[in-house]
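Visitor: Below is the structure, and that's it, no one-letter string:
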């Protein structure tokens, strides 16, 4: 029996047209897809009628399938001779655990290919009118996760992150946003640093709020933002009112509850 390689594919942040040509090709050729919660319905609609779809879940603190179960499933599908795709939101190697799955496949002598996707920071930033770098405003970008494992405190190098010349992009940060705000200000990042939050970026349901680092937690609560949401902190956020070409961003008014 031929063991086909498993394709670990990045679906991008939501807009199906942002997927790569290779991602579209392997989706058309596969017969089973193991997909995450962040893969949009519009992308799933592109799959053939005969393609089996297996939902793996993977929301913070709410896993439909444990990571170990997903790893084992991918090996089984390959060794059963299936043409399998592991479809993940964004890019599989940026806070996507794609490398863990690839290592498990390698340990079980199953070939794999990685198909990169547009990560949320690039896609949501562009659709929200927030360039991650801009001359005179940001000379670099830092990607961090605001989510911590169960029973483990969020322990980041706050002093390193509190750099006014760097754009800080925070994935999965809604739950811990108050702590993130407090630690960054304590480490020296000015409280009035521009900050934004983008919910369901690149989709027709996108919402972008603009505020300051100090007010970010209250604005997220007032706007009732839900996951998936991306947080961007830095001077470049101040360009969003002029560059917000897709769905105009909203200024946050905490007192008005907007």
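Guide: Yep, that arrived. All of these numbers come straight from a predicted model, not from anything done at the bench.
Visitor: I'd like to know the average pLDDT value across stretch 227-246.
Guide: For stretch 227-246, mean pLDDT is 97.
Visitor: Any chance of the backbone angles for the nearest residue to residue 97 once chain neighbours are set aside?
Guide: Leaving aside its chain neighbours, residue 97 sits nearest to residue 67 (6.5 Å; criterion: CB to CB, 6 or more residues apart in numbering). All C-beta spots, glycine's among them, are computed from the backbone N, C-alpha and C. Main-chain dihedrals, residue 67, degrees, to the nearest 10: phi -60, psi -40.
Visitor: pLDDT score assigned to residue 67?
Guide: pLDDT, residue 67: 94.
Visitor: before we move on, what about residue 58?
Guide: For residue 58, the model assigns a pLDDT of 62.
Visitor: on that earlier part again, would you confirm that the residue nearest to residue 97 contacts residue 100?
Guide: Yes: using CB atoms under 8 Å, residue 67 makes contact with residue 100 at a distance of 6.7 Å.
Visitor: For the stretch 101-250 of the chain, which segments are assigned as strands?
Guide: Counting by DSSP state E, counting those that start in this stretch, the stretch 101-250 of the chain has strands at residues 112-115, 140-145, 166-171, 194-199, 207-212, 229-233, 250-251.
Visitor: The second one: partners in the sheet, and parallel or antiparallel?
Guide: Paired strands of strand 140-145, with direction, are strand 166-171 (parallel) (DSSP bridges).
Visitor: can you give me the helices for the stretch 151-258 of the chain?
Guide: 158-161, 177-186, 216-223, 240-243 (DSSP state H, counting those that start in this stretch).
Visitor: For the second one, enumerate the helices and strands it packs against.
Guide: When you say that, I think you mean helix 177-186. helix 158-161, helix 216-223, strand 229-233 (3 or more CB pairs under 8 Å, 6 or more residues apart in numbering; DSSP states H and E).
Visitor: Give me whichever of those is most buried.
Guide: Mean neighbour count (mean count of other CB atoms under 10 Å) peaks for strand 229-233 among those, with a mean of 26.
Visitor: now that one against strand 194-199, angle please.
Guide: Counting by axes from the mean of the first three to the mean of the last three CA atoms, to 10 degrees, strand 229-233 lies at 170 degrees to strand 194-199.
Visitor: Now do strand 229-233: everything it contacts.
Guide: Contacts with strand 229-233, where a contact means CB atoms under 8 Å, 6 or more residues apart in numbering, come from 120-121, 124-125, 128, 130, 132, 146, 167-171, 173-174, 177, 180, 184, 189, 193-201, 213, 216, 220.
Visitor: what does stretch 142-150 give?
Guide: Stretch 142-150 is contacted from outside by 60-61, 94-95, 119, 121, 154-156, 161, 163, 166-177, 180, 231, using CB under 8 Å, 6+ apart.
Visitor: mind checking how far that stretch is from the chain centre?
Guide: 11 Å (CA atoms, centre = their mean, to the nearest Å).
Visitor: now do stretch 3-16
Guide: Distance, stretch centre to chain centre, for stretch 3-16: 14 Å (CA atoms, centre = their mean).
Visitor: among the helices and strands packed on helix 177-186, which is nearest residue 107?
Guide: Taking CB to CB, strand 229-233 is the member of the helices and strands packed on helix 177-186 nearest to residue 107, at 32.2 Å.
Visitor: relative to helix 216-223, how tilted is the closest one?
Guide: Interaxial angle, strand 229-233 versus helix 216-223 (the same axes, to 10 degrees): 140 degrees.
Visitor: Can you name the residues that contact the spatially most central residue of the chain?
Guide: The chain has residue 120 as the residue nearest its centroid, 4.3 Å off, counting by CA atoms, centre = their mean. Residues in contact with residue 120 (CB under 8 Å, 6+ apart) are 13, 89, 90, 171, 201, 228, 230.
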